[in-house]
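**Student:** what follows is a protein structure lacking sequence information:
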Ligand code: GRF
């Protein structure tokens with residue numbers, strides 16, 4: 001099976017997935033990483049691990065549709081059973097989402113449905129929640145609304161700012177995203193309506 005990952009920056013979630021796959025010897029191929037910014041650090045990690053890395057600059061496209069069409073062309077040329085969004089900071093068009101329906105997943109740095117959208121750590125602090133976290137979900141046409149695969153919670157501690165809280169959430173992201181990807185690859189995720197039912201492992 002093959003995975004294509006879309007990133008925009010640091011790519012630490014992508015790195016966590018690749019490192020877990022290597023450690024656990026998953027029978028998977030990382031066929032490519034695509035960033036909408038050529039300066040994304042995650043592209044360097046990919047190249048240093050022999051994973052084909054591409055930049056498709058969104059600014060060079062006149063519209064979202066044209067950018068997404070270029071993405072689709074590259075992803076399909078690489079061949080993807082699963083498309084993993086890992087810190088990819090562009091809203092995707094409905095056409096793109098439909099094209100990969102059921103094999104497109106994302107990680108969001110909050111306990112959805114709480115705090116969809118941007119600046120989640122700042123908003124969690126403002127709302128004075130005591131528990132925050134991260135969510136892996138299938139992507140549908142709503143922003144941060146697709147069927148939830150798994151979540152991890154972390155405490156909000158006295159004295160936290162967005163940076164300390166964000167670092168705690170990121171560490172949790174690095175735990176759950178590889179697990180969710182592996183469940184997908186093992187065929188254990190069944191979507192029923194807006195819910196995901198985790199199937200038992202094949203023995
Ligand atoms: C993560 O917090 C992820 O949840 C959010 O963007 C950040 C990406 O970090 N969507 P990285 O590029 O994986 O290091």
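**Tutor:** Yep, it's here. Predicted model, so just to flag it, every value in this text is computed and none were measured. Numbering: from 1, shown residues only.
**Student:** where's residue 110, which helix or strand?
**Tutor:** Of the helices and strands defined by DSSP states H and E, none includes residue 110.
**Student:** for it, give me its contacts.
**Tutor:** Contacts for residue 110 (C-beta atoms under 8 Å, 6 or more residues apart in numbering) come out as 116, 120, 123, 124, 132, 133, 134, 135, 169. C-beta coordinates here come from the backbone N, C-alpha and C atoms, glycine included.
**Student:** show me how to select, in PyMOL, the buried members of those residues.
**Tutor:** Selection of buried members from these for PyMOL, criterion 16 or more other C-beta atoms under 10 Å:
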select buried, resi 120+123+124+132+133+134+135+169
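**Student:** just put the contacts of residue 110 in a markdown table and tack on secondary structure, distance to residue 66 and pLDDT.
**Tutor:** Shown next, in a markdown table, are the contacts of residue 110 (DSSP: H, G, I helix; E, B strand; the rest coil; distance: C-beta to C-beta, whole Å; pLDDT from 0 to 100):
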| residue | secondary structure | distance to residue 66 | pLDDT |
| --- | --- | --- | --- |
| 116 | coil | 26 | 97 |
| 120 | helix | 30 | 98 |
| 123 | helix | 32 | 98 |
| 124 | helix | 36 | 98 |
| 132 | strand | 37 | 98 |
| 133 | strand | 36 | 98 |
| 134 | strand | 32 | 98 |
| 135 | strand | 30 | 98 |
| 169 | helix | 34 | 98 |
